[in-house]
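*Asks:* with the input below, show me the fold.
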Amino acid sequence: MNLLRTAPFALVLLFACSPPPEEPVRVVTFNIRFDNPGDGVDAWANRRDWVISIIDSLDPDIVGLQEALHGQVLDLESALPGFDRYGVGRDDGANAGEFSPVLVRRDRFDLLEQGTLWLSERPDSAGSRGWDAALPRIATWLRLRDSGSRELLVVNTHFDHVGSEARIHSAELLVDRFNPHRSETPVIVMGDFNAVDTTTAYGILSGSGLEDAWAAAGRVGPADTFTGFEPSDRTGPRIDYVFVSDRWDVLSAEALDVVREGRHPSDHRPVVADLLLHRGGHQ
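*Replies:* From the prediction side, this is the model:
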């Protein structure tokens, strides 16, 4: 047998039988600050194009936003046509109040299922407010399938800024509903949790089979995510996270330091994480 002649065919056969290389999933969570005319120079009309350009430049696959009012959601949909948007307003389950929407790259994922949880004792009741929360709060969840027929679960949320009891019970509700420790489906939970990493709410999430992507990546970049609009030398709290189940490898994660003409694009930093799904993930 002439090995020199048969080797190319063998190599072709080997590569044909091998699964294609995995492609990382880039996830971004970004509290874009609600459209408040009282913000003056930092009002949405003055930041809109900049925020959109930041999201677009990051080339994400999945984006979780917080504090987006309906008009802001429409602005983003119009400017980012490659994405589908899921999520509703927290006040009525339609268009009223702040959204915690998820933007999903259309050419990479198919939607299998979606829903909204109100973070309260009545999680299926639109507009319900729970425990000691100052405002209604929600979590938007999606079950997606990628081009390799692998499923993943994505949750985007915004915990209450006042009620510590509400943050604890909200974390418990998410863990109870989505069971990241027991789930065979890869899970991503992201958002503005209004909780630093020494709080009970953070501990509930990180102790449930979820890992803080920023910590897993070696704590790269700024340690604060809530900044206000004016850059300063102070280190503020880190309250925006991407959590992942153990079906994911964290390739990188960081909060971005984006400044233009002495201003931040929002009062929170965007947080970006590159994730790689294990080949043994749920199909």
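
*Asks:* who's I188 bridged to?
*Replies:* For I188, the beta-bridge assignment (DSSP bridges) gives partners V154, V244.

*Asks:* can you give me the buried ones in the helix or strand harbouring I204?
*Replies:* Under the criterion of DSSP states H and E, I204 resides in helix 200-206. Within helix 200-206, the residues scored as buried using 16 or more other Cβ atoms under 10 Å are 201-202, 204-206. In short, each C-beta sits where N, CA and C put it, glycine included.

*Asks:* next: stretch 70-89.
*Replies:* In stretch 70-89, counting by 16+ other Cβ under 10 Å, buried: 70, 72-73, 75-76, 80, 83-89.

*Asks:* adding secondary structure as columns, could you present those residues in CSV?
*Replies:* What follows is those, written out as CSV (DSSP: H, G, I helix; E, B strand; the rest coil):
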residue, secondary structure
H70, helix
Q72, helix
V73, helix
D75, helix
L76, helix
L80, coil
F83, strand
D84, strand
R85, strand
Y86, strand
G87, coil
V88, coil
G89, strand
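
*Asks:* neighbours around D267, how many?
*Replies:* Counted with other Cβ atoms under 10 Å, the neighbours of D267 add up to 18.

*Asks:* let me know whether it touches E230 as I believe.
*Replies:* No: in this structure D267 lies outside contact range of E230 using Cβ atoms under 8 Å: 9.3 Å.

*Asks:* what is the nearest of the buried residues of helix 200-206 to N156?
*Replies:* L205 (13.6 Å; Cβ to Cβ).

*Asks:* ok, for that closest one, nearest residue in space, not its chain neighbours?
*Replies:* The spatially closest residue to L205, leaving aside those adjacent along the chain, is A171, at 5.2 Å (Cβ to Cβ, 6 or more residues apart in numbering).

*Asks:* also G87?
*Replies:* P101 is the one closest to G87 (Cβ to Cβ, 6+ apart), at 3.4 Å.

*Asks:* need phi/psi at E172.
*Replies:* Dihedral pair for E172: phi -60, psi -40, per degrees, to the nearest 10.

*Asks:* report the contact partners of it.
*Replies:* Going by Cβ atoms under 8 Å, 6 or more residues apart in numbering, E172 touches I204.

*Asks:* quick one: it and D146, what's the gap?
*Replies:* E172 sits 29 Å away from D146, going by Cβ to Cβ, to the nearest Å.

*Asks:* just D132 next, same as before
*Replies:* Distance from D132 to D146, by Cβ to Cβ: 39 Å.

*Asks:* between the two, point out the one with more neighbours.
*Replies:* D146 (18 against 14).

*Asks:* I'd say the more buried one and T185 touch.
*Replies:* No: using Cβ under 8 Å, D146 is not in contact with T185; the gap is 11.9 Å.

*Asks:* so what's in contact with those two at the same time?
*Replies:* By the contact definition Cβ under 8 Å, 6+ apart, D146 and T185 are jointly contacted by L152.

*Asks:* phi and psi next, for V271.
*Replies:* Dihedral angles (degrees, to the nearest 10) for V271: phi -120, psi 130.

*Asks:* can you map out the helices along the protein?
*Replies:* With DSSP state H as the criterion, the chain has helices at 3-17, 44-58, 70-79, 164-178, 200-206, 213-216.

*Asks:* so can I have CSV of these showing mean pLDDT and distance to H278?
*Replies:* As requested, the helices of the chain are exported to CSV (pLDDT from 0 to 100; distance: least, Cβ to Cβ, whole Å):
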stretch, mean pLDDT, distance to H278
helix 3-17, 40, 20
helix 44-58, 98, 24
helix 70-79, 98, 31
helix 164-178, 97, 18
helix 200-206, 98, 20
helix 213-216, 97, 14
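
*Asks:* now distance to Y241 too, for these, in TSV please.
*Replies:* Listed next are these as TSV, based on distance: least, Cβ to Cβ, whole Å:
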stretch	distance to Y241
helix 3-17	39
helix 44-58	17
helix 70-79	21
helix 164-178	11
helix 200-206	8
helix 213-216	7
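
*Asks:* what number of residues lie near F193?
*Replies:* 27.
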